[in-house]
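*Asks:* Sequence first, then the predicted structure:
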Amino acid sequence: MDYRVILIENNRVMLERLSSVVRGIDGYELDARYQQAGDALGQGKMFQPNLILLDIDVPQNLALIPEFTDAFPGAALLCLSSNWNANNAAQIVKAGAKGYLLKPFTAQEFIEAVHTFGRSGMAASSETLAFFSPKGKSGKTTLVANLALSLARKSGEGVGIIDADLQFGDMAVFFNLSPQSTIVEAVRDIEFLSPITLNSYFLEVPEVDNLRILCGTKKPDYAELVDIEPFEEVVRMAQSLFRYVLIDLPPGFNPVSISAAELSTQTYLVAMIGGGFEIQHMRRAMEIFKAWPDYGKRVKPVFTRVEPCTDEQRQWLSREMDFPVDAILPNEYLLVSAAANNGRMAVDNRSGTVFADNINRLADEIIGRRKMR
């Protein structure tokens, strides 16, 4: 597809710099450029653009976004700014813009922005799912990996996994990935990133072009390099990049798990049925979240390795918890292990199992819930 571009940039030097980048890219024709947004609204229709770049460092230009989308209904609108601002990002998407790009940008960053946001636009309302377990060995990572794949396949929208189990995260192992950049580098660099440049820190999953993963640390002692405030900014930026953000958290309560839960739409508490203390641990964990006025809607208990994995057993667990259990998964250790050893997910490796059916049912519930928002 060839693009006919209109560029609006208030600063003359920046206007020349950005013009040079756009003109140097095959398939992009810079038809017009303006310093004043009002001039573009008045004169730009004659060029019939299908891509508009709008400088929002000029505050009044934010209010003009609806006018641009009305005047140019066949054009994608990307906003340009010198700095990332999560509030501005949410505002421009609600107003009708497709995405947000930091300036100055390179040709590669520009092409990636058009490719990423041109299809479905930046996420106006992300469903952020945090996965927490009171203790380790809960099956949490297995749940996150398989659920993410199911969400990507079923929704067709962007899904991102953040492996925030900082010391012992193994999401890269599950997907057979070899990351060069991890959550450590993303947190370190976040001050200089935008959604598009952050996207490059997420690894693509082979054969699933709408699923990407921000892998965990390469060594346990690197966990101390991840500070809370930049971690939270990584999550907020990912929320504008993906329709679904799944955060795999370390067991137990710590600053990372608490901050991720606060930023989430839903928090899933995951425990593996084993020695009999899991229900007690889940009840104690639930007490922490009762500080939220809406905890009854936001907190979702999940039990794994449940046998028999039936609705009657889920109802029994709900009575024992005195709280609705959102999902249960059967003991499919051999299936899950064999799939992971091949760099595949159990939900994709053998459909029709109770495990796959329950994962897919949970994905359907999440997709339906987001569409109702």
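*Replies:* Arrived safely, thanks for sending. Residues are numbered from 1 along each chain as shown.

*Asks:* For residue 132, which non-adjacent residue is closest in space?
*Replies:* Residue nearest to residue 132 in three dimensions, not counting chain neighbours: residue 249, with 4.8 Å by CB to CB, 6 or more residues apart in numbering. Heads up, the C-betas are built off the backbone N, CA and C, glycines and all.

*Asks:* so where do the strands sit in the stretch 51-200 of the chain?
*Replies:* 51-55, 76-81, 99-102, 127-132, 159-163 (DSSP state E, counting those that start in this stretch).

*Asks:* who touches the residue nearest to residue 132 in this structure?
*Replies:* 130, 131, 132, 133, 140, 164, 165, 256, 257, 260, 261 (CB atoms under 8 Å, 6 or more residues apart in numbering).

*Asks:* Could you dump those residues into CSV and include neighbour count?
*Replies:* Formatted as CSV, the contacts of residue 249 follow (neighbours: other CB atoms under 10 Å):
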residue, neighbour count
130, 27
131, 28
132, 26
133, 29
140, 24
164, 26
165, 26
256, 21
257, 21
260, 26
261, 24
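
*Asks:* helix/strand/coil for residue 209?
*Replies:* strand (DSSP: H, G, I helix; E, B strand; the rest coil).

*Asks:* what about it, distance to residue 3?
*Replies:* 21 Å (CB to CB, to the nearest Å).

*Asks:* Of those two, which one has the most company?
*Replies:* Legend: neighbour count by other CB atoms under 10 Å for residue 209 and residue 3, higher for residue 3 (18 against 10).

*Asks:* picking that back up, out of the strands of the stretch 51-200 of the chain, the one nearest residue 236 is which?
*Replies:* Nearest of these to residue 236, taken as CB to CB: strand 127-132 at 9.4 Å.

*Asks:* other SSEs contacting the lengthiest helix in the chain?
*Replies:* Ranked by residue count and defined by DSSP state H, the top helix of the chain is helix 354-372. Applying 3 or more CB pairs under 8 Å, 6 or more residues apart in numbering; DSSP states H and E, we find helix 354-372 packed against strand 127-132, helix 140-155, strand 327-328, helix 346-349.

*Asks:* Switch these over to TSV; also include distance to residue 368 and mean pLDDT.
*Replies:* Output for the helices and strands packed on helix 354-372, formatted as TSV (distance: least, CB to CB, whole Å; pLDDT from 0 to 100):
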stretch	distance to residue 368	mean pLDDT
strand 127-132	11	95
helix 140-155	10	93
strand 327-328	14	94
helix 346-349	18	54
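
*Asks:* Export the ones you listed as JSON lines, with columns for distance to residue 100.
*Replies:* Output for those, formatted as JSON lines (distance: least, CB to CB, whole Å):
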{"stretch": "strand 127-132", "distance to residue 100": "18"}
{"stretch": "helix 140-155", "distance to residue 100": "22"}
{"stretch": "strand 327-328", "distance to residue 100": "34"}
{"stretch": "helix 346-349", "distance to residue 100": "33"}
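
*Asks:* for stretch 72-81, what is the average pLDDT?
*Replies:* What stretch 72-81 shows for mean pLDDT is 92.

*Asks:* in that stretch, what's buried?
*Replies:* Going by neighbour count (16 or more other CB atoms under 10 Å), the buried part of stretch 72-81 is 72, 75, 76, 77, 78, 79, 80, 81.

*Asks:* partner residues bridging the last one?
*Replies:* Counting by DSSP bridges, residue 81 forms beta bridges with residue 102.

*Asks:* got a list of what it touches?
*Replies:* Taking CB under 8 Å, 6+ apart as the criterion, residue 81 is in contact with 55, 56, 57, 88, 100, 101, 102, 103.

*Asks:* can you tell me how far it sits from residue 259?
*Replies:* Counting by CB to CB - residue 81 and residue 259 are separated by 25 Å.

*Asks:* what does the first one give?
*Replies:* With distances taken as CB to CB, residue 72 is found 40 Å from residue 259.

*Asks:* same question, the third one
*Replies:* Relative to residue 259, residue 76 is positioned 34 Å away (CB to CB).
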